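**Q** Starting from these lines, generate the structure:
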Amino acid sequence: MTQDEEQALQLWRAMLRASRAVGRVVRETLHRHGLRGAQFGLLWVLAEAGPEGLKLTDISEKLVVTCGNITGLMDRLEELGYVVREPHPSDRRVVLAKLTPQARTLLDEIVPVHTRRLARIMSCLSDSDRETLSQLLSRVSEQAALVDEEPKDND
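**A** Numbers count the residues shown, from 1 in each chain. Purely as a prediction, here's the structure:
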């Protein structure tokens, strides 16, 4: 293994440990409210969309999951009373997902706790560190996308 490969492996492990540690805190917050991460993600996307809602295909694109995944998430969140499906006002072929008032109340409870806990986690970093980390992680994400697009026989 080359030195570059060894460093890359160490960095990957550090990112994975950090992601898992933050993920545990986030999951614990959501579980206290009876939600899983993907469900919270869908509610968040709908909250950002506003009262007009979103097409299910738009949700799948924003969450980078298949429409089948969205259907399952929607089914469960609909059972919980957090979302509704409504026909599009001008296109009968399209279904819109919208938050219910119950979901807005839930998000009003969860989001402040979620953001406070994330801020406490990130408090170990200076403002400059946070900006640098954000930029570095963006560069890593962009490079991963480029590597993923390369022909597989080059590995």
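**Q** correct me, but residue 113 touches residue 28?
**A** No - at 10.4 Å, residue 113 does not count as touching residue 28 under the criterion of CB atoms under 8 Å. Placement of C-beta: from N, CA and C, glycine included.
**Q** who's more crowded, the two?
**A** Between residue 113 and residue 28, counted using other CB atoms under 10 Å, the more crowded position is residue 113 (13 against 10).
**Q** Not counting its neighbours along the chain, what's nearest the more buried one?
**A** Using CB to CB, 6 or more residues apart in numbering and skipping residues adjacent in sequence, the residue nearest residue 113 is residue 29, 5.7 Å away.
**Q** need the next SSE after the helix or strand hosting the one you found, C-terminal direction.
**A** Residue 29 is part of helix 3-31, with elements assigned from DSSP states H and E. Under the assignment DSSP H and E, the closest C-terminal helix or strand after helix 3-31 is helix 37-49.
**Q** between that next one and helix 3-31, how many degrees?
**A** Between the direction of helix 37-49 and that of helix 3-31, the angle (axes from the mean of the first three to the mean of the last three CA atoms, to 10 degrees) works out to 80 degrees.
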